[in-house]
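S.K.: could you work out the structure for the sequence below:
(one chain, ligands or ions: 1)
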Amino acid sequence: MRDCVLICWLLCVPFSLQAQSHVADMHLHYKWTQQDVTTPADAVAILEQENIVMGVVIGTPAALALDLQSLAPEKIVPIFSPYREGSDWHRWAYDDATVARARTALASGQYHGIGELHVIGGFTPAFEKAVVLKQLLALADEFDVPVMIHTELSRPDYMLAVCQQFPNTHILWAHSGAVLGPADVARIFERCGNVWGGLGARDPWRFVDNPLTAADGMLLPEWRALLLKYPDRFMVGSDPVWPVDQLDRWDEADSGWQELGRFWHYHRSWLAQLPDDVARKIRCENAVALFGRTVVMTCD
Ligand SMILES: [Zn+2]
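M.R.: Next up, the predicted model:
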């Protein structure tokens with residue numbers, strides 16, 4: 001029933017009013033499991049179709065992001081992912097070579113950030129022992145580029161340690177804590193001015209138990225209040241990964257790019273509930289300010 005109400009509501013939203021605004025997508029993957037379904041040319045065409053003026057792309061392996069950039073250099077911002085294959089999401093934090101590879105990538109001038117780095121309960125070392133993560137945070141500060149981190153832990157303490165110990169590193173919190181609620185996000189934002197909150201995959205199909213909106217599509221009051229309190233700190237991404245029941249499955253292609261329009265349709269629907277100036281920052285300007293320093297991009 002809840003799904004039905006939501007689907008009906010999404011279909012009824014005046015799509016034409018919202019589809020026109022330019023957006024920046026701070027969370028795009030282009031993975032080896034996506035190539036068969038979506039060629040680089042297809043991906044760029046989808047960005048055009050959705051009025052996406054800037055896309056931050058995480059390649060798995062990293063160089064796949066450069067394939068997209070070569071087709072749309074005015075639009076694509078590649079960041080360096082240490083993942084060469086799917087299972088690296090739980091290996092990177094223990095591999096000393098990760099840091100040397102990241103340094104080489106940033107020094108090449110081809111990548112403008114590091115990430116997405118997964119910090120998942122049960123798979124990641126405690127912060128005190130997270131040597132590789134700390135070295136990457138210092139490296140990002142040295143090269144003055146953001147680090148995108150996906151924490152999936154029941155408390156915000158890990159992110160608090162990260163942002164407080166690396167106050168000069170720009171940290172993009174991939175899903176604003178993923179399974180954390182607005183009170184925990186507020187706690188981080190209050191203490192750390194160097195953290196920006198991504199809202200990729202915070203939609204009715206992923207992180208389903210931690211929604212931004214109610215069944216009728218309206219922003220939950222706590223989230224609305226937080227977005228209004230910190231209009232310069234949030235940004236939106238599609239995180240085109242699908243299906244999502246298994247992270248980086250190897251036996252089935254990932255058709256996430258074919259779902260990208262659906263994800264953005266949802267995000268545009270709640271953005272339309274905010275004052276225009278706030279919505280404009282969150283849908284585009286904040287991401288361009290954080291990532292668009294090397295290319296000329298406009299949200300107009
Ligand atoms: Zn993520």
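S.K.: what residues does the stretch 51-200 of the chain put near the ion?
M.R.: Residues of the stretch 51-200 of the chain lying near the ion by CB under 5 Å from the ion: 150, 174. C-beta coordinates here come from the backbone N, C-alpha and C atoms, glycine included.
S.K.: let's see 8 Å
M.R.: 116, 118, 150, 174-175, 178, 200 (CB under 8 Å from the ion).
S.K.: again, but for the stretch 201-300 of the chain
M.R.: 201, 239.
S.K.: can you map out the helices along the stretch 201-300 of the chain?
M.R.: Applying DSSP state H, counting those that start in this stretch to the stretch 201-300 of the chain gives helices spanning 221-229, 260-271, 276-280, 286-291.
S.K.: most neighbours among the residues of the stretch 51-200 of the chain next to the ion, which one?
M.R.: Highest neighbour count within those: Gly200, with 30 neighbours (other CB atoms under 10 Å).
S.K.: any idea how far Ala174 is from that one?
M.R.: 6 Å (CB to CB, to the nearest Å).
S.K.: any shared contact partners between the two?
M.R.: When contacts are counted by CB atoms under 8 Å, 6 or more residues apart in numbering, Gly200 and Ala174 are jointly contacted by 27, 239.
S.K.: for Gly115, see how far away whatever residue of the stretch 1-150 of the chain ends up closest to the ion is.
M.R.: Ranked by CB to the ion, the top residue of the stretch 1-150 of the chain for proximity to the ion is His150, at 3.6 Å. Distance, His150 to Gly115, by CB to CB: 8 Å.
S.K.: residues bridging contact with the two, i.e. touching both?
M.R.: Common neighbours of His150 and Gly115 (CB under 8 Å, 6+ apart) are Ala174.
S.K.: show me where the stretch 1-150 of the chain dips below the pLDDT cut-off.
M.R.: The stretch 1-150 of the chain contains residues with pLDDT under 70 at 1-19.
S.K.: how about a cut-off of 50?
M.R.: 1-2, 5, 8-9, 11-12, 14-18 (pLDDT under 50).
S.K.: now do the strands in it.
M.R.: 23-31, 52-60, 76-79, 114-120, 147-152 (DSSP state E, counting those that start in this stretch).
S.K.: CSV for those, including distance to Leu220?
M.R.: Converted to CSV, the strands of the stretch 1-150 of the chain look like this (distance: least, CB to CB, whole Å):
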stretch, distance to Leu220
strand 23-31, 21
strand 52-60, 26
strand 76-79, 30
strand 114-120, 25
strand 147-152, 20
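S.K.: of those, which is nearest Asp239?
M.R.: Proximity to Asp239 (CB to CB) singles out strand 23-31 among those, at 4.6 Å.
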